[in-house]
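> Need the 3D shape of this:
(one chain, ligands or ions: 1)
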Amino acid sequence: MTKKMTLTSIKKTKGIRPLVMITAYDALFARLVEPSVDMILVGDSLNMTFAGKDDTISTTIEQMIYHTNAVCMGAKNSFVVCDMPFGTYINKEIALLNAIKVFQETPADCIKIEGGEEKSNIIKHLCDNGIAVCGHIGLLPQAVRSEGGYKVKGKTEDEKLQLIKDAKAVEMAGAFCMVIEGVKSEVASEVAKCVDIPVIGIGAGVDVDGQVLVFSDMLGFYEEFTPKFVKKYLDGANLVKDAIKDYASEVSSREFPKEEHTY
Ligand code: KIV
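Next up, the predicted model:
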């Protein structure tokens, strides 16, 4: 049995080895990924990959609680991160009420919120009140409509300086680690070096403190769009389609079920 990571053991990996994080949204996949990863993220990306929506904006706290419970059932020995949906942390008070709801209604080990310097007062309030927080800086998927798309960050000197400020503010506020998404790799590397907590990248190059991918992207199940930073470790969609085709054909020809599948 793998040993469950803790806030302390996660922080201690900084400078020693990269952290491995992946998303999961249900017990079945959580059980499959558990033996190989350090942390499981129940991302609000489930609104796209699981619920079929175009972005993460309409994710609800109830959805996050439902899926986090499912993941925790499947991966009882994993450190589980629950994403806070858009609109659930617009100020300190609302953020704390929603984070308490997540902590009381799921066994999640921490919550994740998007935003840097401008969210640091909220992160501090959560940490001061017993909520472990994973930050998320760089490209913020919840800002897709306000920014008019998914924009890679760190392309200008100003953006680089802001990312460094963001990372330092998130750390100072009490977060124990953070995700950095969609950032030029040389900038992400600088950002990771300017804080003492792990900075886990997605689309941020190799020179950070860990990597996270959305499981349906890296297993090739999500066919709509494959971002440049995703490596497909499995041709999941075609494997599933071929298997279902075989099943349909065997049902049609009465080849299935055979004697061994019959009572
Ligand atoms: O929701 C999610 O899956 C995420 C990852 C992209 C880091 O936040």
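> In space, what's closest to Gly15 - neighbours in sequence excluded?
Setting aside the residues directly before and after it, Gly15 is nearest to Asp209 in space (C-beta to C-beta, 6 or more residues apart in numbering), at 7.9 Å. (C-beta placed from N, C-alpha, C; glycine too.)
> The one you found: how many residues sit nearby?
24 (other C-beta atoms under 10 Å).
> residues from the stretch 101-250 of the chain in reach of the ligand?
Val179, Glu181, Ile202, Val212, Val214 (C-beta under 6 Å from any ligand atom).
> redo that, cut-off 8 Å
Lys112, Glu114, His136, Pro141, Val179, Glu181, Ile202, Val212, Val214 (C-beta under 8 Å from any ligand atom).
> Tell me the pLDDT of the fifth one.
Read that as Val179. The model reports Val179 with a pLDDT of 99.
> how about the strands in the stretch 101-250 of the chain?
Along the stretch 101-250 of the chain, counting by DSSP state E, counting those that start in this stretch, strands occupy 110-112, 133-138, 177-181, 199-202, 210-213.
> Turn the ones you listed into CSV, columns for mean neighbour count.
As requested, the strands of the stretch 101-250 of the chain are exported to CSV (neighbours: other C-beta atoms under 10 Å):
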stretch, mean neighbour count
strand 110-112, 23
strand 133-138, 29
strand 177-181, 27
strand 199-202, 28
strand 210-213, 22
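> For the stretch 51-200 of the chain, which segments are assigned as helices?
Using DSSP state H, counting those that start in this stretch, the helices of the stretch 51-200 of the chain run over 61-74, 92-105, 120-128, 144-147, 157-173, 185-193.
> okay, now the residue in the chain that the ligand sits nearest to: neighbour count?
At 2.2 Å from the ligand, Gly43 is the closest residue in the chain, using C-beta to the nearest ligand atom. The local packing of Gly43 (other C-beta under 10 Å) involves 30 other residues.
> In space, what's closest to it - neighbours in sequence excluded?
Thr23 (4.4 Å).
> hang on, the earlier thing: dump the residue contacts of the residue nearest to Gly15.
Thr13, Lys14, Gly15, Pro18, Leu19, Cys177, Ala192, Pro198, Val199, Ile200, Gly201 (C-beta atoms under 8 Å, 6 or more residues apart in numbering).
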